[in-house]
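Undergrad: Sequence first, predicted coordinates after that:
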Amino acid sequence: MKNISLLAITLLVFYFVQSQTDVSGPIQSIPFLEKTISSVGSRLIGVRSDEHLGTWQPMDSISMNYSGAHDIDSFLPYLWEFDQQIRKFYDSGNWIDYMTFSSTFNQDDQMENLVTEYNQYGDSTKSIYQWDSQSRLIEVFDTMMTFMSMGRTLYSYHNNTDNRWDTIRLEQWDSLQWIGDNQQIFFYDANDDNVVYLHQINLSGSYDDIYRELYSYDVNHRLTETIMQDEYGSGWENSARFTFNYDADDNMIDELYQYWSNFQGAWQPSHHWLNTYDINNNRLTRLQLEYFLSSSSWDSVFIFYYNYDANNNLLSTTQQQWNNNGWENFEEILMTYNSFDQITSYMISHWANTSWNPDSRILYTYEEYKQDDSYVGNIAANAMIIYPNPATTQLNIELSNQNISSIIIHDLLGREIFSKEFNSAQCQINISNWNSGVYLVKIKTEEGEVVKKVTVQ
């Protein structure tokens, strides 16, 4: 088996690029909720990664088959609603199947069973998914068919209104009972901000702390500091620290990384990043500096330039490195998109003295499909209007020929900001006291529901 790591990168690239949404301008569909936005969707059916060795040579591929209106799951973006997924690697002119995934779904269209077959080893696993009444994943039960080993992952949530975890616990079955293996715990402050992430392992019948992250926020609930600490049996020891600063549009303009020096008993500077943005709040440049102890100074190392299309899709990233004479080209990434603003290609090239030479690429294939009425209803055809956007004091929502049943609004951290039932075709929401930022507005009617994005200034 080869190049599986690149295939993993393939999926990460897909989700990273597909989740890039603008923070100003017209309302757009949320990529992972696209099935609730229009009656015709586009879903991923194939991914292939190639390397360039004089000519393009295939390395890995993923193919997916769906039934009905299945697409990408809206709660966990990394769970496709596929019926079957096949992963292959290319070897000596032949495609070799090495993993096959098969899924079934419950009456609410949530993944219920996932069977993974490891074709080269003759083994398979089965995962059973359980969901709560809020459509949140609460348990994944895993079993290995050959050795009959069993494990499960349990999820609990901060409250009944958002998808943020309180705990994630992994357990193993020892033939008599479930035994805890490790768990992650999330702590929140009075402002509902996640202030502590704690990782524990079960060594001798009880959970012991091994790692934690401490988070600080400003008055606008923006993350300003992350401190990483390890526990070696004698108390918490500092490891690393990140600090962040923002502009008036909530764009992160300054990131500083420091490491802890036990010898000096203080934080020591290491890396520094400076970002700039355009009027659409798309990042334009990212300057990376490193601190050199020998000269006690910050020196430029890399700079990244970003280019976008009219829909704010990232088209290219150009990386340059600093030498004593100035900036030199280093790496370039080029991306293309289809009419649904979904990425279709991702190519990495390196600079070779006078031109860019390709190294690798990822190609994405999609199919259009008619989305199920239970998701779309008639909302898309009814000329829903949300204005103004961006908004400052009041948000107006109007439907032309059906009534709004309820509206729920979350911020991008998953916190519920507003919830109210309606029985009218229009409503007004006072947002004068809301923090600046991007919010997700879920509008329900008798015909279905839709999620829209709005910006508050």
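TA: That came through, no problem. Residues are numbered from 1 along each chain as shown.
Undergrad: starting at the chain centroid, how far to stretch 141-155?
TA: Computed by CA atoms, centre = their mean, to the nearest Å, the chain-centroid distance of stretch 141-155 equals 26 Å.
Undergrad: nope, stretch 260-278 is what I meant
TA: 25 Å.
Undergrad: Show me which residues of that stretch are buried.
TA: Within stretch 260-278, the residues scored as buried using 16 or more other CB atoms under 10 Å are Trp260, Trp267, Pro269, His271, His272, Trp273, Leu274, Asn275, Tyr277. Where C-beta positions appear, they are placed from N, C-alpha and C, glycine not excepted.
Undergrad: Narrow these to those in helices?
TA: Among the buried residues of stretch 260-278, the subset assigned to helices under DSSP state H is empty.
Undergrad: Would you mind giving those residues as CSV with pLDDT and distance to Ser61 added?
TA: CSV is the format used below for these (pLDDT from 0 to 100; distance: CB to CB, whole Å):
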residue, pLDDT, distance to Ser61
Trp260, 97, 44
Trp267, 97, 46
Pro269, 97, 44
His271, 97, 36
His272, 98, 40
Trp273, 98, 35
Leu274, 98, 39
Asn275, 97, 35
Tyr277, 96, 36
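Undergrad: Farthest pair within these?
TA: Greatest spatial distance among the buried residues of stretch 260-278 (CB to CB): Trp260 and Tyr277, at 31.2 Å.
Undergrad: What is the burial count for Asp189?
TA: Here the number of neighbours of Asp189 (other CB atoms under 10 Å) works out to 12.
Undergrad: Pretty sure it sits against Val195.
TA: Yes - counting by CB atoms under 8 Å, Val195 is a contact partner of Asp189 at 4.8 Å.
Undergrad: Using the record's assignment, carve the chain into domains.
TA: Listed by automatic domain parsing, the domain ranges of the chain are 57-317, 377-456.
Undergrad: Show the pLDDT at Met335.
TA: Model confidence at Met335, given as pLDDT, is 96.
Undergrad: Provide a list of residues in contact with it.
TA: Val17, Asn313, Leu314, Leu315, Ser316, Ile343, Ser345, Tyr346, Met347 (CB atoms under 8 Å, 6 or more residues apart in numbering).
Undergrad: I'd like the residues you listed laid out as a markdown table, including secondary structure, distance to Glu332 and pLDDT.
TA: A markdown table is the format used below for the contacts of Met335 (DSSP: H, G, I helix; E, B strand; the rest coil; distance: CB to CB, whole Å; pLDDT from 0 to 100):
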| residue | secondary structure | distance to Glu332 | pLDDT |
| --- | --- | --- | --- |
| Val17 | helix | 16 | 50 |
| Asn313 | coil | 17 | 92 |
| Leu314 | strand | 13 | 95 |
| Leu315 | strand | 11 | 97 |
| Ser316 | strand | 7 | 97 |
| Ile343 | strand | 16 | 90 |
| Ser345 | strand | 13 | 95 |
| Tyr346 | strand | 12 | 96 |
| Met347 | strand | 8 | 97 |
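Undergrad: Show me which pair in those residues is furthest apart.
TA: The most widely separated members of the contacts of Met335, counting by CB to CB, are Asn313 and Met347 (14.9 Å).
Undergrad: follow-up on the earlier one: go ahead and build a PyMOL selection from the buried members of the contacts of Met335.
TA: In PyMOL, a selection of the buried entries from these looks like this (16+ other CB under 10 Å):
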select buried, resi 17+313+314+343+346+347
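Undergrad: now, which of the contacts of Met335 sits nearest Ser424?
TA: Closest to Ser424, out of all of the contacts of Met335 and judged by CB to CB, is Asn313, at 36.5 Å.
Undergrad: ok so, going back, which one among the buried residues of stretch 260-278 gets closest to Ser49?
TA: Closest to Ser49, out of all of the buried residues of stretch 260-278 and judged by CB to CB, is Trp273, at 28.1 Å.
Undergrad: For Ser92, give me phi and psi.
TA: phi 50, psi 40 (degrees, to the nearest 10).
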